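In: when you get a sec, could you give me coordinates for this:
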Amino acid sequence: MDVFEAIFTRRSIREFTSEDVSDADLETILRAAMSAPSAHNRQPWHFVAVRDKDLLAQIAEAHPYAKMASKAPLAIIVCANPAEAKEPRYWQQDCTAALQNILLAARGKNLGTVWCGMHPLEDRVEPIRHLLKIPADINILALVVVGHPAQPFSEADRFKAEKIHHNGW
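Out: Numbers count the residues shown, from 1 in each chain. Sure thing, here's the model as predicted:
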């Protein structure tokens, strides 16, 4: 798929078919994630891929905006180890770049995704940390629910010229 088609038709997909996401597609998506830029190229990210139906149902219960996880074949939790970063305060930016690549790579594979925010809300982070046994020294940014879409992709023009400022505000 053309990169601009992927960008312009990417949408939050909250309804999925029962079809599984292949191991090859998951690897491609995570390869894309790990191709993201990071501060000093330290790549502090880690990813927890969840396919277990019971865990997906528990994620849906634990996160107030991830109910669709219970009907999806895959969720990816985007994390960072700040000890692996040269500048530990950049982990959110590093992981967000990786997360955007996940969304676009999945779209390129005709998979649907929805980004469910977690950081910095501890009431979203801690239940998932506990459920997936993510160590306390690992930062959790967000989760991405992934699957074959049961709703269409469509292009929406979100361009707003008034949001652009040249040579200053």
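In: could you point out the longest helix of this protein?
Out: Using DSSP state H to define each element, the chain has its longest helix at helix 91-108.
In: tell me the mean pLDDT for that one?
Out: Mean pLDDT, computed over helix 91-108, is 97.
In: C-terminal to that helix, which secondary structure element comes first?
Out: Per DSSP states H and E, helix 91-108 leads on to strand 112-117 as the next helix or strand towards the C-terminus.
In: ranges for the helices of the chain?
Out: Applying DSSP H to the chain gives helices spanning 3-9, 23-33, 53-62, 91-108, 122-132.
In: now do the third one and strand 112-117, the angle between them.
Out: Counting by axes from the mean of the first three to the mean of the last three Cα atoms, to 10 degrees, helix 53-62 points 50 degrees away from the direction of strand 112-117.
In: quick one: helix 53-62 to chain centroid distance?
Out: Helix 53-62 has its C-alpha centroid displaced from the chain centroid by 16 Å (Cα atoms, centre = their mean, to the nearest Å).
In: list the contacts of the residue nearest to the spatial centre of the chain.
Out: The centroid of the chain falls nearest to residue 144 when counting by Cα atoms, centre = their mean (3.6 Å). Each residue near residue 144 by Cβ atoms under 8 Å, 6 or more residues apart in numbering is listed here: 75-76, 78, 99, 102-103, 106, 113-116. For every residue, glycine as well, the C-beta is placed using N, CA and C.
In: can you tell me the closest non-neighbouring residue to it?
Out: Closest residue to residue 144 in three dimensions, ignoring its sequence neighbours and counting by Cβ to Cβ, 6 or more residues apart in numbering: residue 76, at 4.7 Å.
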